[in-house]
Every structure is written in structure tokens, then in C-alpha cells.
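1. output the structure for:
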Amino acid sequence: MIAVGRDADHPAWRERFQEPTSLPAPASGVEQMKHALKTKSGRAAYALRKQTVEPMFGIIKSVMNFRQFLLQGLAQVSYEWTLVPSSLPGCSFRFNRQGNANRTNLRRKSVMKSRIAKYFFRAFAIFPLLGNSAFAEDTSFRRVQLAYGISLDVPPHWAVLSQDNRRNFSAAGQAVIDNAGIEGPSGRKEPLLAVNSTPNPTGAIIRVSVTSPSDYTQDDLTAATPGDLKEFGAGMLSVFRKLEASGGPKIIEMQPVRIEKFNNYRVLVIPYVRAGINGPSPWQVTQYRIPVSSRLIEITLSHRQSDAIVWRPILERVKRSVQF
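-> Numbering: from 1, shown residues only. The predicted structure follows:
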């Protein structure tokens, strides 16, 4: 329903309950909309704006105190506007017999949020302006060529760990598996790449490895059913719990396992949330397991959830760049 004008204030009470006369043909689109808004069903549908669309505008303007943009130009304003709706899920409202008191308390609590939001907008709004500055070279990506024809883009300022460090991580993982009494993969796992974001403490991690031979094939993924994936996820959670008891990371949430398409290959995607190591914020971890020929390519992308607005776009860019 689209308003075609402003209604007069204080209409007669009969006008609120009576149906309009039938619309003579032919009628333009504007006339049809005017007629629809005068019907009982049209008025009822249009009244829903007060509980669907309009509250969001009220929250943004009065609670968040966002009434004007700090930047100019369509592109810059678009970047700034994307931050506004992302703040809405954090708002909660309760209306009961003490609605006025609740709104007063909410307004008091929102004062600091509004101030923080202003500084946040000012800080984040400069990001789009850096593309043509001296920082452009630092924020580009460079191509990394690995064994077995695997390649991907990584930020050049991130720290690529040495082969000795990769072997240490691999040995530590194998030690946790052995201590838990879990039978690992039948093949030999070869770590190819380990990259940490900078500066320390790191907030995002990229890991790439290859296991030969693979425990499953593309045909196995094609034949997998939703029940199979659910059972696989439950099995992974059981393994994680055993690893946790032997010094492995604490798993907070095991998310649904799924199958995606990646470079025309089916990929087993294993997402979960683990506890942080260097801080209280949990980490989002997503493993991509791709059986190719007789090998299993495993790409693990992890980031600290508290800084997801920074790390998630970078890791998504890395994921889209992978070739094999």
C-alpha cells in the first residue's frame, strides 16, 4: 500500500466505517490506490505501518539519534547506512503497564550508545576514503602459490608462518588426538599454509593443508543426505569433546554441517564456534573439506567474533580467491 496524499484531520466517524462506492472504469493507478486505501481492508493493511515500518525509523532517529549522514556522495552514504540496520537487533523494547518508565530507562541507556555510535560512524566512515590514499598498497591482496596447484589471495601485511611453525602446529594437533585416544585420518596430512592477521594478538587465521589419500570422494558428498550430514555433525561434536578433555579447544557451538559448491566441486563445510585463547571473545571457525582426485584439501578460516565486521569480509575475499 502506497500513500497518494495526506488525509484530512478528524474525519467524520461515518467515514471510518463505511466502504467507498465502486470505482468507475477506466481508472488510473493513482485512482485505484486511492480507492483501495479507503476500503476497510486497505485501511487495516496500511495501519500495519505503525507496527512494522515506522518503529524502525523512530528507533533510528530518536533512540540511536541518527538524523544525518556524516559523508557526502552516494557511495560513501551507502557505506555509512549499512552500519545503521546492523545496530537494530541489539535494541530491545518492552511495552506494558509501565511502558512510560521503560521508555524513560531505555532513553537514558541509549544516551551513551548514541555517543558511541557517533564516534563509531566517524571512525568507520573514513574506510571507503582510503582506497585512493597511500594505504591502498597495504590493503591489497597478493597471490600465494602452494603445492598441488593450490593458490589463494592473502593480505600482504599478514604474517605467513614458517615451515617449522606449521610443523609445530601439526605436531601439537596430532599429540592432542593421540592423547584423546582418537583414530585420526588414514592418510598423511601435509600443512601447506598458515597465516595470522596482524598485529598481535591475532584476530583472524588462515590454514591450508592436504591429506593423501582422502577418506571420502566427490561421489560420497553427492550421495550424502541431510540425515547423513546431521549424523556427521554429531560425530564431530563427540570428537571435539574428547579432544577438549585432552587439551584441545573448548567448543561452544557446533553449527549445522552442509555441502556447498566450490570451483565446481562439492565441499563439506564444517562450521563451529570455539572459545577464545587470548581473550574472552569466542571464535568462528569454518572448515572447508574438498576431496579432489585422491587428495583432501582442507581450508580453515577463523576469526574473532567481536571483530567480525573487520575480519569476515577479508576471509570471504580469501575464500573466493581459492583455486585448485
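
2. residue 203: how many residues sit nearby?
-> Neighbour count of residue 203, defined by other CB atoms under 10 Å: 23. The way it works is simple: take the backbone N, C-alpha and C, and place the C-beta from them, glycine included.

3. check residue 298 too.
-> The burial count for residue 298: 21, using other CB under 10 Å.

4. residue 78: which element?
-> Element membership for residue 78, per DSSP states H and E: helix 74-87.

5. that helix packs against which elements?
-> Helix 74-87 is packed against helix 99-125, with contacts defined by 3 or more CB pairs under 8 Å, 6 or more residues apart in numbering; DSSP states H and E.

6. C-terminal to the helix it packs on, what's the next element?
-> Toward the C-terminus from helix 99-125 - assigned by DSSP H and E - lies strand 142-145.

7. quick one: mean pLDDT over that next one.
-> On average, the pLDDT along strand 142-145 is 93.

8. one more: stretch 271-291?
-> 89.

9. domains in this structure, by residue range?
-> As given by automatic domain parsing, the domain ranges for the chain are 13-128, 140-321.

10. for the spatially most central residue of the chain, give me its contacts.
-> With distances taken as CA atoms, centre = their mean, the residue of the chain nearest its centroid is residue 312 (6.9 Å). Contacts of residue 312 were listed using CB atoms under 8 Å, 6 or more residues apart in numbering, and they are residue 303.

11. does residue 273 touch residue 250 like I think?
-> No - between residue 273 and residue 250 there is no contact under CB atoms under 8 Å: 9.9 Å.

12. check residue 125 and give its pLDDT.
-> 46.

13. before we move on, what about residue 301?
-> For residue 301, pLDDT reads 96.

14. how about it, nearest residue that isn't a chain neighbour?
-> Distances taken as CB to CB, 6 or more residues apart in numbering place residue 315 nearest to residue 301, at 4.5 Å, with adjacent residues excluded.

15. what is the mean pLDDT for stretch 187-204?
-> Confidence for stretch 187-204, expressed as mean pLDDT, is 89.

16. now do the end-to-end distance for that stretch.
-> With CA to CA, to the nearest Å applied, stretch 187-204 spans 28 Å between its terminal residues.

17. so which strand or helix has residue 229?
-> Short version, using DSSP H and E: residue 229 is in helix 226-245.

18. now do the buried residues in that helix.
-> By neighbour count on 16 or more other CB atoms under 10 Å, the buried set for helix 226-245 is 229, 233, 236, 239-240, 243-244.

19. closest to residue 303 among these?
-> residue 240 (18.6 Å; CB to CB).

20. so that closest one sits against residue 253, correct?
-> No - Residue 240 is beyond contact range of residue 253, at 10.7 Å (criterion: CB under 8 Å).

21. shared neighbours of those two, which are they?
-> residue 272.

22. follow-up on the earlier one: pretty sure the residue nearest to residue 301 sits in a helix.
-> Yes - assessed by DSSP: H, G, I helix; E, B strand; the rest coil, residue 315 belongs to a helix.

23. so it touches residue 205, yeah?
-> No - with contact defined as CB under 8 Å, residue 315 does not reach residue 205; the gap is 9.1 Å.

24. anything in contact with each of these two?
-> Jointly contacting residue 315 and residue 205 under the rule CB under 8 Å, 6+ apart are 301, 303.

25. about what we covered before: wait, a strand at the residue nearest to the centre of the chain?
-> No - using three-state DSSP, the secondary structure at residue 312 is helix, not a strand.

26. what distance do you get for it to residue 207?
-> Computed with CB to CB, to the nearest Å, the distance linking residue 312 and residue 207 is 17 Å.

27. show me where pLDDT drops low in this protein?
-> 1, 87-139, 184-185, 278 (pLDDT under 70).

28. where do the helices sit along it?
-> Here the chain has its helices, by DSSP state H, at 29-38, 40-47, 54-58, 74-87, 99-125, 163-179, 218-223, 226-245, 308-321.

29. for those helices, which one sits closest to residue 267?
-> Going by CB to CB, the one of those nearest residue 267 is helix 218-223, 7.8 Å.

30. as CSV, could you dump the C-alpha coordinates of that closest one?
-> The C-alpha trace of helix 218-223 is given here as CSV (Å, rounded to 0.1, in the frame of the first residue of the first chain):
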residue,chain,number,x,y,z
GLN,A,218,33.0,-36.4,-4.6
ASP,A,219,30.6,-39.2,-5.1
ASP,A,220,30.2,-39.7,-1.3
LEU,A,221,29.3,-36.0,-1.0
THR,A,222,26.9,-36.2,-3.8
ALA,A,223,25.1,-39.2,-2.2
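
31. right, I'll leave it there.
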